[in-house]
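take a look and give me a structure for this.
(2 chains)
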Amino acid sequence: MNRFKIACLQATVIVGIALAAGFAYNGVSPQGIPLIGNAPADSAKSFLQVSLNETRLLQRSKETVLVDARAREEYDFGHIPGAVSLPENGFDEAFPKATPLLKNKRLIVVYCSGPGCELAPKVARRLRAKGYKDVRLFDGGWPAWLKAGQPVEKAKS
Amino acid sequence: MAQGWATGGESEELRWDLNRLLRWFFSNPALSLVFRLLLGGLFIWASLDKIAHPAAFAQAVANYRILPASLLHPVAIILPWLEIIAGSLLILGIFVPGSSLLILVMLAVFDLALASTIIRGIDLSCGCFQTGPSAERVNPLYLARDSSLIIAALQVLLSPRSWATFPPLLRSRTKRT
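Numbering: from 1, shown residues only, chains lettered A, B, ... in the order given. Predicted structure coming up:
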């Protein structure tokens, strides 16, 4: 049997051992994760993250809408151009007004005041509960956008 | 004879030297042992954090935006074990062709995934050795690193002999008894 065939045969055996070991360990480990689906923790880790570079690109896309989860006052003072205000505190009042702006968008990116801010994950969860499938988080948030010197939009007074 | 131009004879000699170098490189058993220890150690080390934190690794894989959601968790569960088992077998000199083939395939896939994130301008942490917030960010130097590891894995796969592999050690022991 030539070397490549031997290699393929051995590789198959190794993959079989890895499958067995991986699933067995995952089953007994306290850190184990479900075989399919999102991470079990109800936190920012349940959502895909987008980076600053991606946010810059997505912000220009017609298929994407950015959502600002901070308080309305903070949004009015300055937000990412084109972002829709949907504050976590006051979500139910703001959502009907925001719905037309979210319609027909393939992707929603939610941000707030940066890493550690829980407003964006909470708004993202509520949007997902409303049926929006592709909701992601810009974890760097407003501070990262400002720090990168990106353009800023303010609410019209 | 014009100066600065290689004659037919000189270019043939150069080709012959290159062939000899390649043959030496891909058949040297000592080199194969060195690469086995290097690759095996690297893959074992890379697997440990991923086995300890599968959820964070699943997130790192998801951030590459390549796999469908249904495959993220199975890959996050199985891949680190593939790394640690293939790495261990390579160091021990057991199933060397198979483990080196798997490591070569994994490196090629990682390289393609890295290249695709760089081309798409996705800024993310590699997830190669660590999955936490301080994990290294992807940059083009990783392509160079992984490409050199691919050459090392290819050497181990193609080398007909390697020092300190398990079956020859076993055979030499049984001969002595």
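
okay, CA-based contacts and neighbour counts for the rest of this
Noted.

can you map out the helices along chain B?
Assigned by DSSP state H, the helices in chain B fall at B:8-25, B:29-52, B:54-62, B:69-92, B:96-120, B:141-158, B:166-176.

so for residue B:138, what's the pLDDT?
With respect to pLDDT, residue B:138 scores 57.

ignore what I typed, I meant residue B:17.
pLDDT, residue B:17: 85.

which helices and strands sit right next to the helix of greatest length in chain A?
In chain A, taking DSSP H as the definition, the longest helix is helix A:3-28. In terms of contacts (3 or more CA pairs under 8 Å, 6 or more residues apart in numbering or on different chains; DSSP states H and E), helix A:3-28 is packed against helix B:69-92, helix B:96-120.

follow-up on the earlier one: okay, the helices of chain B in CSV with mean neighbour count and distance to chain A next?
Putting these into CSV (neighbours: other CA atoms under 10 Å in any protein chain shown; distance: least, CA to the nearest CA, whole Å) gives the following:
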stretch, mean neighbour count, distance to chain A
helix B:8-25, 12, 17
helix B:29-52, 20, 7
helix B:54-62, 24, 6
helix B:69-92, 22, 5
helix B:96-120, 20, 4
helix B:141-158, 19, 8
helix B:166-176, 11, 14
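
format those helices as TSV; extra columns: distance to residue A:16.
Below are the helices of chain B laid out as TSV (distance: least, CA to CA, whole Å):
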stretch	distance to residue A:16
helix B:8-25	32
helix B:29-52	17
helix B:54-62	19
helix B:69-92	9
helix B:96-120	12
helix B:141-158	20
helix B:166-176	21
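
nearest to residue A:128, of the ones you listed?
For the helices of chain B, proximity to residue A:128 was assessed by CA to CA; helix B:69-92 is nearest, at 15.5 Å.

distance from the chain centre to the closest one, please.
Relative to its chain's centre, helix B:69-92 lies at 13 Å (CA atoms, centre = their mean, to the nearest Å).

swap in stretch B:31-51?
Centre-to-centre, stretch B:31-51 and its host chain are 8 Å apart (CA atoms, centre = their mean).

outside of it, which residues touch it?
Applying CA atoms under 8 Å, 6 or more residues apart in numbering or on different chains, the contact partners of stretch B:31-51 are B:25, B:56-57, B:76-77, B:80-81, B:83-91, B:128-131, B:149, B:152-153, B:155-156, B:159, B:161-164.

nearest to residue A:110, of the helices of chain B?
Between residue A:110 and the helices of chain B, the shortest gap by CA to CA is with helix B:54-62, which sits at 17.4 Å.

buried ones in stretch A:56-69, by neighbour count?
Residues of stretch A:56-69 classed as buried: A:58-59, A:64-69 (neighbour count, 16 or more other CA atoms under 10 Å in any protein chain shown).

give me the subset of those residues lying in strands.
Within the buried residues of stretch A:56-69, residues falling in strands by DSSP state E are A:64-68.

go back to the residues you listed and keep what's next to chain B.
With CA under 8 Å from any CA of the partner chain as the criterion, those include none near chain B.

still on that earlier bit, pLDDT and distance to residue A:52 for the buried residues of stretch A:56-69 - can I get that in JSON lines?
Converted to JSON lines, those look like this (pLDDT from 0 to 100; distance: CA to CA, whole Å):
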{"residue": "A:58", "pLDDT": "88", "distance to residue A:52": "10"}
{"residue": "A:59", "pLDDT": "88", "distance to residue A:52": "10"}
{"residue": "A:64", "pLDDT": "90", "distance to residue A:52": "15"}
{"residue": "A:65", "pLDDT": "94", "distance to residue A:52": "15"}
{"residue": "A:66", "pLDDT": "95", "distance to residue A:52": "13"}
{"residue": "A:67", "pLDDT": "96", "distance to residue A:52": "15"}
{"residue": "A:68", "pLDDT": "94", "distance to residue A:52": "15"}
{"residue": "A:69", "pLDDT": "93", "distance to residue A:52": "17"}
